[in-house]
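structure here, sequence nowhere to be found:
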């Protein structure tokens, strides 16, 4: 019997999958538990419509992400922090401070999007990667200046 899964069923199928399953399994487990519905021509058309709509939404979101990447690429921000005479910062510049500086320029990013392993600890220019979306990053320049 061919069914369309309405929920993920471990080891059998994921939501939206159309699969052939044993008649008894479908009739006594999947259908009563509302884990799947019969794959009628109308249901298959509905699944196809939903898939096309989702594909368009994904394409539109990807386009917005590419545009955001292009706008953000190469943006330079300046952050001031206390430092000693050798140029080493007393505390370091954290991700949140970088996100705040970028957001002050009109962008909307979170500190989780900043790809850096540890706080910036020296004065000068640093290249920092910002994750825009899956597989899309933008490189910004963070200039850290010492406070007087």
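Sure, I can see it. Remember, it's a predicted structure, so these values are computed and weren't measured experimentally. Residues are numbered from 1 along each chain as shown.

and residue 109, what does it touch?
Residue 109 makes contacts with 72, 99, 102-103, 130, as judged by C-beta atoms under 8 Å, 6 or more residues apart in numbering. (Glycine included, C-beta is placed from N, CA and C.)

how much space separates it from residue 74?
From residue 109 across to residue 74, the span is 15 Å (C-beta to C-beta, to the nearest Å).

which outside residues touch the helix or strand bottoming out on mean pLDDT in the chain?
Scoring the helices and strands of the chain by mean pLDDT, DSSP states H and E places strand 88-93 at the bottom, with a mean of 87. The contact list for strand 88-93 (C-beta under 8 Å, 6+ apart) reads 79, 81-84, 118-123, 142, 144.

phi, psi of residue 125?
phi -90, psi 140 (degrees, to the nearest 10).

how is the protein divided into domains?
2-62, 69-146 (automatic domain parsing).

how about the helices in the protein?
23-25, 41-72, 95-103 (DSSP state H).

so who does residue 26 touch?
Counted by C-beta under 8 Å, 6+ apart, residue 26 has contacts 1, 3, 36, 38.

ok, those residues vs residue 61, which is closest?
residue 36 (28.6 Å; C-beta to C-beta).
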